[in-house]
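# here are the coordinates; sequence isn't available:
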């Protein structure tokens, strides 16, 4: 079985990448061998792992940040061979060769975005640049956006939703700016590790992300008849049809 890799990325800091990455890793760790790879020199995801209680499902931590003197980056980045789900926590401002390195091993991209016009504008530009680069389409990488740290007093993300609709890309869910996510971040846990009564709302908010990742992807098959559902995010013009791969 191959490792499924989800890249959590946004060019701006403060979008909540580590919150999404850590909760995603904690969910999958209860089911399959899971690893969490941290590209950020600040090491937020690895620090979260250090706080993780021993009785909870184990998550392997991999350090992909620039190597310190005397250490081999390739060794720090190693993940166990039996890993079935790898979650990558990307650094802010990732571009160039570093971005290409992360994309080369990615199946799904999650882009969390904070509720401000500056963040939404930066995210829209980043998505446009990703799509123009061509690797997303060439590798059949799926892309979804998560509205993060949403407060009731803040208007819904209409500008971002209009932009995503124009590209046929999904806004997967809205994660609230809640105490449960803060507590999870501080204690090395995820909302799915917590008591159900204390995290029921947050679990419900997070599940669309999990369901989207677990949905079988559609890939181009020139021999297949054009009878299967159209998937606009990864369709390629001029080909005969699509087939489902689990």
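Arrived safely, thanks for sending. Since this is a predicted model, take the numbers as computed values, not measurements. Numbering: from 1, shown residues only.
# which secondary structure elements does the lengthiest helix in the chain sit against?
Ordering each helix of the chain by length in residues (DSSP state H) puts helix 196-214 first. With contacts taken as 3 or more Cβ pairs under 8 Å, 6 or more residues apart in numbering; DSSP states H and E, helix 196-214 sits against helix 17-29, strand 108-113, strand 142-150, strand 171-176, helix 179-187. Yep, even glycine has a C-beta here, placed from its N, CA and C like the rest.
# so after the second one, what's the next helix or strand?
Where DSSP states H and E defines the elements, the next helix or strand beyond strand 108-113 is helix 117-133.
# returning to what we had before: list the buried residues for the longest helix of the chain?
199, 202, 203, 205, 206, 208, 209, 210, 212, 213 (16 or more other Cβ atoms under 10 Å).
# out of these, who's nearest residue 175?
Residue 175 has its nearest neighbour among the buried residues of helix 196-214 in residue 205, at 5.3 Å by Cβ to Cβ.
# in the helix or strand where residue 137 lies, what's buried?
Here residue 137, judged by DSSP H and E, is contained in helix 135-138. Neighbour counts over helix 135-138 (16+ other Cβ under 10 Å) mark residue 136 as buried.
# then stretch 45-53?
45, 46, 48, 49, 52.
# picking up where we left off before, of all the helices and strands packed on helix 196-214, which one is nearest residue 64?
So among the helices and strands packed on helix 196-214, helix 17-29 is nearest, using Cβ to Cβ, at 12.4 Å.
# quick check: next helix or strand after that closest one?
Following helix 17-29 toward the C-terminus (DSSP H and E): strand 34-38.
# by contact count, what packs against the helix holding residue 137?
Checking 3+ Cβ pairs under 8 Å, 6+ apart, helix 135-138 ends up next to helix 96-103.
# got the contact list for the helix it packs on?
Helix 96-103 is contacted from outside by 7, 9, 39, 88, 90, 91, 94, 109, 135, 136, 139, 141, using Cβ atoms under 8 Å, 6 or more residues apart in numbering.
# please identify which two of these are farthest apart in space.
Maximum distance among those (Cβ to Cβ): 21.1 Å, for 91 and 139.
# more neighbours: which of the two?
More neighbours surround residue 91 than the other of residue 91 and residue 139, with 22 against 13 (other Cβ atoms under 10 Å).
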